[in-house]
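*Asks:* just the structure for this:
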Amino acid sequence: MIMSSSIYSMLYCARPHSIGSIRPWMMSHPFPFFNALQKKAPIHFLKRQQTWIVSSYEYCEEVLQRSDDFSTRVLLPSLGECLVTQQDEQHKSHRQWMNGFFSELHKDQRDGFAKKLAEQVVDKVKPGNTYRLKTDITQKYTDALSMKVLGIYEDKMEDLYAILGEIKGSDRKGIAEEKVEHYLNQITAISKPGGLLHSIVMDELISPKVKLNDTYLMIDAGFLTIRQSLANMTSGLSRNQAMQEYLYSSNCDYRHFINESFRLYSPFFSTIRRAKKINTLGNQIIQQGDQLLICLMSANRDQIVFKDPHRFDPKRRNVQKHLAYGDGIHRCIGQHISNSFMADFFEVLKTKQLKPVVQNYRKDFQADSNNLMISGVGDISVSFTPC
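*Replies:* This is a model prediction of the structure:
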């Protein structure tokens, strides 16, 4: 189905020939648009962009689960295959190793190391003072987690960000083979032996390209995403009375708090899939090679699945059914430890009896115009008041 001209003009800027031209203001509050799509065209084709937009929970879930029919994209396309796209035995064994690592890490959480790191950040907060939400709060926490989990030397975080920026810039033109080795050597130099990044880089069973793509995936789709998630959820907590009442109550279940908050404020705007062959989705024929924009943010507020979808309700029976971590065999392997890290952060805020206050949360709203995957609040001002 082709969208009406009114919906189309609401979605696009003056130069609507690329997905990246979606209006920034629409990215900051897309739900009226999503609601219209879910009712009128849950699967529809944008002819100028040669892309299908999938907006309903039912069809988003279906595409994510049909990995034999729809391939995922990698974060560094010029490198080709990586952990999330390979389907052979190497992929399976590598993914099992990663699952094992995160399972052990989740067990290590019993000693409360993440909570201690969160306390170190929150202890420096003084009620009434103004801070930058990401620079001073969420990045401080995720940097500490990165050093602990990924095994980054304490004085090398700035070097890590510089390497990531250079890799992303090079990917637009194509990363040459000699550059792959160069980046791997740089990552090795800032990584502690035995840490996750060092273990990936030193694994002789996987190719250099896969190593680099997997390393980038762990950092970008892992810890940088947790940083944005915490910023979005902290901003949401500031203005959502129901979230505040539940978090600061005596019967708060942090698992339910995180799942429902993540459903509402996850930074995952969408993810991309491509048809491996001619497929049928709903009543539409998807041609081989067609690109699909899977709108996770839309699916997570589909009123057919989530009653009163814009309301914070941690007691929903399907509170864990959100698609913020994807679904199918490519569902995020770090989802449980990510939830645990985020729960620790908000538990510390509750223990310290501090409530965030955010002004103008739509200012500097950020969205990646290249892939529309990550979106959320910028490095906005935040203060904390006693509860």
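*Asks:* and residue 295, how far from residue 116?
*Replies:* Using C-beta to C-beta, to the nearest Å, we find residue 295 at a distance of 38 Å from residue 116. Backbone N, C-alpha and C define where each C-beta goes, glycine included.
*Asks:* these two: which is more packed in?
*Replies:* Remark: of residue 295 and residue 116, residue 295 carries more neighbours, 29 against 13, as counted by other C-beta atoms under 10 Å.
*Asks:* mind listing what that one touches?
*Replies:* Under the criterion of C-beta atoms under 8 Å, 6 or more residues apart in numbering, the neighbours of residue 295 are 34, 37, 53-55, 60, 269-270.
*Asks:* buried ones in the host helix or strand of residue 345, by neighbour count?
*Replies:* Taking DSSP states H and E as the definition, one finds residue 345 inside helix 335-351. Of all the residues in helix 335-351, those buried under the rule 16 or more other C-beta atoms under 10 Å are 337-350.
*Asks:* closest to residue 126 among those?
*Replies:* The shortest gap between residue 126 and any of the buried residues of helix 335-351 belongs to residue 349, at 14.2 Å (C-beta to C-beta).
*Asks:* how about the closest one: what's its closest non-neighbour residue?
*Replies:* Using C-beta to C-beta, 6 or more residues apart in numbering and skipping residues adjacent in sequence, the residue nearest residue 349 is residue 122, 6.4 Å away.
*Asks:* over to residue 142. Which of the three states is it?
*Replies:* helix (DSSP: H, G, I helix; E, B strand; the rest coil).
*Asks:* quick one: contacts for the residue lying closest to residue 332 once chain neighbours are set aside?
*Replies:* Setting aside the residues directly before and after it, residue 332 is nearest to residue 325 in space (C-beta to C-beta, 6+ apart), at 4.0 Å. When contacts are counted by C-beta under 8 Å, 6+ apart, residue 325 touches 331-332, 335, 338.
*Asks:* in contact with the closest residue to residue 387 other than its chain neighbours, which residues?
*Replies:* The spatially closest residue to residue 387, leaving aside those adjacent along the chain, is residue 353, at 4.4 Å (C-beta to C-beta, 6+ apart). With C-beta under 8 Å, 6+ apart as the criterion, the residues that contact residue 353 are 248, 386-387.
*Asks:* so how far is residue 141 from residue 353?
*Replies:* Residue 353 sits 18 Å away from residue 141, taking C-beta to C-beta as the criterion.
*Asks:* and residue 333, by the same measure?
*Replies:* From residue 333 across to residue 141, the span is 21 Å (C-beta to C-beta).
*Asks:* and residue 236, by the same measure?
*Replies:* When C-beta to C-beta is applied, the distance between residue 236 and residue 141 equals 17 Å.
*Asks:* pick out whichever of these two has more residues nearby.
*Replies:* residue 141 (24 against 18).
*Asks:* now the more buried one: closest residue in space that isn't a chain neighbour?
*Replies:* In space, and not counting its chain neighbours, residue 141 is closest to residue 121: 4.9 Å by C-beta to C-beta, 6+ apart.
*Asks:* in the stretch 251-387 of the chain, mark out all the helices, start to finish.
*Replies:* When assigned using DSSP state H, counting those that start in this stretch, the helices of the stretch 251-387 of the chain occupy the ranges 254-265, 296-299, 335-351.
*Asks:* in terms of secondary structure, what does the longest one contact?
*Replies:* With contacts defined as 3 or more C-beta pairs under 8 Å, 6 or more residues apart in numbering; DSSP states H and E, the packing partners of helix 335-351 are helix 89-108, helix 113-122, helix 224-239, helix 241-247, helix 254-265.
*Asks:* what packs against the shortest one?
*Replies:* In this case it means helix 241-247. Using 3+ C-beta pairs under 8 Å, 6+ apart as the contact test, the elements touching helix 241-247 are helix 224-239, helix 254-265, helix 335-351.
*Asks:* any chance of those in a markdown table, plus mean pLDDT?
*Replies:* A markdown table is the format used below for those (pLDDT from 0 to 100):
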| stretch | mean pLDDT |
| --- | --- |
| helix 224-239 | 92 |
| helix 254-265 | 95 |
| helix 335-351 | 92 |
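*Asks:* can you tell me what sits against the helix or strand hosting residue 64?
*Replies:* Assigned by DSSP H and E, residue 64 falls within helix 57-65. Contacts made with helix 57-65 from outside it, assessed by C-beta under 8 Å, 6+ apart, are listed as 42-43, 54, 70, 271, 273, 281-282, 292, 294-296, 298-300, 302, 304-306, 323, 326-328, 330-331.
*Asks:* any idea of the mean pLDDT in that helix?
*Replies:* This predicted structure assigns helix 57-65 an average pLDDT of 96.
*Asks:* listing partners with orientation, what would you give for the helix or strand following that helix?
*Replies:* Under the assignment DSSP H and E, the closest C-terminal helix or strand after helix 57-65 is strand 70-72. Pairing partners of strand 70-72, with direction, according to DSSP bridges: strand 271-275 (antiparallel).
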